[in-house]
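Enquirer: how would this look folded up:
(4 chains)
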There are 2 protein chains.
Amino acid sequence: MEPEGLVAHDALAVVLRITGAVPSVLLWQRAREPQAGRWALPGGRLGAEEDVEASVRRHLAEKVDLAEVAHVEQLAVFSDPHRGPAPRRVATAFLGLVPTDADPALPGDTAWHRVDALPDTAFDHGEITRAGIDRLRAKLSYTNIGFALAPDEFTVSELRDLYAAALGHRVSATNLQRVLTRRGVLVPTGATAAPGPSGGRPAARFRFGEHVLRVTDPFAALRPPGPPGVTG
Amino acid sequence: MEPEGLVAHDALAVVLRITGAVPSVLLWQRAREPQAGRWALPGGRLGAEEDVEASVRRHLAEKVDLAEVAHVEQLAVFSDPHRGPAPRRVATAFLGLVPTDADPALPGDTAWHRVDALPDTAFDHGEITRAGIDRLRAKLSYTNIGFALAPDEFTVSELRDLYAAALGHRVSATNLQRVLTRRGVLVPTGATAAPGPSGGRPAARFRFGEHVLRVTDPFAALRPPGPPGVTG
DNA sequence: TCAAAAGTGTTCGCGGTACACCCATGA
DNA sequence: TCATGGGTGTACCGCGAACACTTTTGA
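Expert: Prediction:
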């Protein structure tokens, strides 16, 4: 441990974006030892006048345009005393999400990497990345977090492809539309998209009604009793 | 900030236990400034050779018998630069749960406080406590976390009272039993409890099948498609 | 007129709630 | 035999999955 029990504190970000048919994570390649050449999550030291969320946003701004990051939330603390070489560092990890239509300019040392083919990662950053993916998958099912992955306007098929990529399994456009409209998450814009070269009915365009995280599937289990006479 | 960007890191615990008809939280009264007389969460400095979870367990052991704490999980990081007086401290908060039948001996400065009537709390410990209660309420609905609140053996009515106290609303014993047995969480022991002085049918006794956290309500929404031909 | 893609209608079944009813005991 | 509390049986309903069918386009 450092003098007088103090430790270095980092804020790290698992920034995810759907590319092609899989999520990708934003990594930068370390130029210097330790672990030169390995790929690391963006982030860095906690500053004197900021909390960890402000810190992760500040460090992220060095790698991507922050306006492109549609959602940020705390993941967990990683504090194994041997998670990296001395001196010790404790990290608060965050999940960040970037919409598919955003393709921000990146510094030369930084790139998106498909999560199904990660390069050699630095320290415990591979484990932290998996925690971010798990969080995203869980929240897709019971929140409106898709707003942070999708472009402003989209067709249901496009959204289905996003969900399928993030979840890692096929998703039915039919049911996705019904579920999300029933929950009041999806709002039709009135516009339609032109069909592709092989024809087909033009698709209606939608957008997410809210662009802030909301739990849309309050757990039915053990909810307070309803007013008398209201069965079911 | 401290020399060279280092900060003190604390591990704090929101230890909850159901007492009477409400949850109570374990607090100790500060003897020294700052905030002498105010009530604080147990916890303290991160040690050199431990991660934050080991640290919170170590500090907790100074206040209660650790064997009585049935479950511990990470809550969140609290890092506002002005959450306490200088020098700055960052805290990783944990949720801890103690069964109702355990009533561990406590040091003189330490006591259980009903969460609906908290005393003056130190720093941001009131806010952290609320985060712990919220986490417990959420997890009661979709996990088997009740194992950490209930005694080893209990009747459904006793369990109903526990759930009602933790959730803050009435709970139906009928439905609680059905839900938890259907999920395979509750196991009958075969024993029965003697009725009270006013009579009534003897109640069957149950226990939690597992004493480790398990998600029992996998979100039905957007799960992977089943094998073909299996409808519904 | 045909293929392709979007979208709707319908059925099914699970699971949680509500509520009526039955069971076992003490006074 | 009655009050009291425990336990079961049953109906209802929301909701997500599956799948057949209709709609609208390009070739």
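Enquirer: quick check, A:His59 in a helix?
Expert: Yes: under DSSP: H, G, I helix; E, B strand; the rest coil, A:His59 sits within a helix.
Enquirer: Quick check, A:Glu73 in contact with A:Leu213.
Expert: Yes: using C-beta atoms under 8 Å, A:Glu73 is in contact with A:Leu213, at 7.2 Å. C-beta here means a position set from N, CA and C on the backbone, and glycine is covered the same way.
Enquirer: which residue ranges form the strands in chain A?
Expert: Assigned by DSSP state E, chain A shows strands spanning A:6-19, A:22-29, A:39-40, A:43-45, A:71-78, A:89-97, A:110-114, A:154-155, A:186-193, A:203-208.
Enquirer: Determine which of those approaches B:Arg30 most closely.
Expert: strand A:6-19 (21.9 Å; C-beta to C-beta).
Enquirer: Remind me what that closest one packs against, helices and strands.
Expert: Applying 3 or more C-beta pairs under 8 Å, 6 or more residues apart in numbering or on different chains; DSSP states H and E, one finds that strand A:6-19 makes contact with strand A:22-29, strand A:43-45, helix A:52-60, strand A:89-97, strand A:110-114, helix A:125-142, helix A:156-167, strand B:6-19.
Enquirer: Not counting its neighbours along the chain, what's nearest the residue nearest the centre of chain A?
Expert: Centroid-nearest residue in chain A: A:Leu97, 3.4 Å away (criterion: C-alpha atoms, centre = their mean). Once flanking residues are discounted, A:Leu97 sits nearest to A:Ala148: 3.7 Å by C-beta to C-beta, 6 or more residues apart in numbering or on different chains.
Enquirer: Using JSON lines, lay out the helices and strands packed on strand A:6-19 together with mean pLDDT and distance to B:Arg83.
Expert: Shown next, in JSON lines, are those (pLDDT from 0 to 100; distance: least, C-beta to C-beta, whole Å):
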{"stretch": "strand A:22-29", "mean pLDDT": "98", "distance to B:Arg83": "30"}
{"stretch": "strand A:43-45", "mean pLDDT": "97", "distance to B:Arg83": "18"}
{"stretch": "helix A:52-60", "mean pLDDT": "98", "distance to B:Arg83": "12"}
{"stretch": "strand A:89-97", "mean pLDDT": "98", "distance to B:Arg83": "14"}
{"stretch": "strand A:110-114", "mean pLDDT": "98", "distance to B:Arg83": "33"}
{"stretch": "helix A:125-142", "mean pLDDT": "95", "distance to B:Arg83": "25"}
{"stretch": "helix A:156-167", "mean pLDDT": "95", "distance to B:Arg83": "35"}
{"stretch": "strand B:6-19", "mean pLDDT": "97", "distance to B:Arg83": "11"}
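Enquirer: Can you report phi and psi for the residue of chain A found nearest DNA strand C?
Expert: Closest approach between chain A and DNA strand C, counting by C-beta to the nearest atom of the strand: A:Gly200, at 2.6 Å. The phi and psi values for A:Gly200, taken as degrees, to the nearest 10, are phi 110, psi 160.
Enquirer: Distance of it relative to A:Glu153?
Expert: Per C-beta to C-beta, to the nearest Å, A:Gly200 is found 19 Å from A:Glu153.
Enquirer: Comparing these two, which residue is more hemmed in?
Expert: More neighbours surround A:Glu153 than the other of A:Gly200 and A:Glu153, with 14 against 10 (other C-beta atoms under 10 Å in any protein chain shown).
Enquirer: Return the per-residue confidence for the more buried one.
Expert: pLDDT for A:Glu153: 97.
Enquirer: Spit out the contact partners of it.
Expert: A:Thr189, A:Ala191, A:Arg205, A:Phe206, A:Arg207 (C-beta atoms under 8 Å, 6 or more residues apart in numbering or on different chains).
Enquirer: which parts of chain A sit against DNA strand D?
Expert: A:172, A:174-175, A:178-179, A:182-183, A:194-195, A:197-202, A:217, A:231-232 (C-beta under 7 Å from any atom of the strand).
Enquirer: Out of the residues you listed, which end up buried?
Expert: Neighbour counting by 16 or more other C-beta atoms under 10 Å in any protein chain shown classes A:Val179, A:Arg183 among the residues of chain A next to DNA strand D as buried.
Enquirer: In helices, which of the residues of chain A next to DNA strand D appear?
Expert: A:Thr174, A:Asn175, A:Arg178, A:Val179, A:Arg182 (DSSP state H).
Enquirer: and those residues near chain B, which?
Expert: A:Val179 (C-beta under 8 Å from any C-beta of the partner chain).
Enquirer: Switch the ones in helices among the residues of chain A next to DNA strand D over to JSON lines; also include pLDDT.
Expert: JSON lines is the format used below for these (pLDDT from 0 to 100):
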{"residue": "A:Thr174", "pLDDT": "94"}
{"residue": "A:Asn175", "pLDDT": "91"}
{"residue": "A:Arg178", "pLDDT": "93"}
{"residue": "A:Val179", "pLDDT": "91"}
{"residue": "A:Arg182", "pLDDT": "89"}
